[in-house]
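**Q** Return a 3D structure for these sequence lines:
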Amino acid sequence: MIALADRHATQAGSVGRRQPASAHGPSPCDLARRWAAIGHIVAELPPTAHRPRRLARINVSIGRLPYATAPWAARFWEPQAPPGAQRVEWLLTSRRCLTCLEDALELLESTPGLVAEYAVA
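**A** Predicted coordinates:
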C-alpha cells in the first residue's frame, strides 16, 4: 500500500487472485469487482521491470468500501490484455467522496507511476 496524503493506492494484482475476506465480509477487491463501469480510458502504461511501455484500454468504476479507513474507492481494470501481457487492475482508495468519473481520474492523476498519459475513451 502506498500512502498518498489522504489517499492510498493498492495494486490489486491479477483478477484471478483472491485476497482473503475479513471478519466483515468480502475483501475490498472482491467488493470493487461488483461495481459497474462508469467510464473508460486509454492509458499509456510506463515501463516497469516486468512490463514494456504499452497502451491499455481501462474500465473505471467507483464505490464505497464498508469498514475501511478510506471508505471511497475507484477501480481501474483492463478487461483484456494483449497476448503475453498481464492485465492491469488497481484499487485506489480515498477519504474524499468519489461521485463521478472526473473524481476517479483526479485520484488516478494523484497516484504517481501508474499511467504516463491517458485519454477518456
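
**Q** Report the central residue of this structure.
**A** Taking C-alpha atoms, centre = their mean, the centroid of the chain lies closest to residue 90, which sits 2.7 Å from it.

**Q** Wait, that one touches residue 75, no?
**A** Yes: shown here, residue 90 and residue 75 form a contact pair, counting by C-beta atoms under 8 Å, at 7.2 Å. Where C-beta positions appear, they are placed from N, C-alpha and C, glycine not excepted.

**Q** returning to that earlier point: tell me how far the residue nearest to the centre of the chain lies from residue 73.
**A** Taken as C-beta to C-beta, to the nearest Å, the spacing of residue 90 relative to residue 73 amounts to 10 Å.

**Q** next one: residue 94
**A** When C-beta to C-beta is applied, the distance between residue 94 and residue 73 equals 7 Å.

**Q** repeat for residue 28
**A** Residue 28 sits 7 Å away from residue 73, taking C-beta to C-beta as the criterion.

**Q** just to revisit the earlier point, how far away is the residue nearest to the centre of the chain from residue 41?
**A** Computed as C-beta to C-beta, the residue 90 to residue 41 distance reads 12 Å.

**Q** Mind listing the shared neighbours of these two?
**A** A shared contact of residue 90 and residue 41, defined by C-beta atoms under 8 Å, 6 or more residues apart in numbering, is any residue touching both; here these are residue 76.

**Q** picking that back up, who has more neighbours out of residue 94 and residue 73?
**A** Counted by other C-beta atoms under 10 Å, residue 94 and residue 73 do not tie: residue 73 has more neighbours, with 26 against 23.

**Q** where's that one, which helix or strand?
**A** With elements taken from DSSP states H and E, the one containing residue 73 is strand 72-77.
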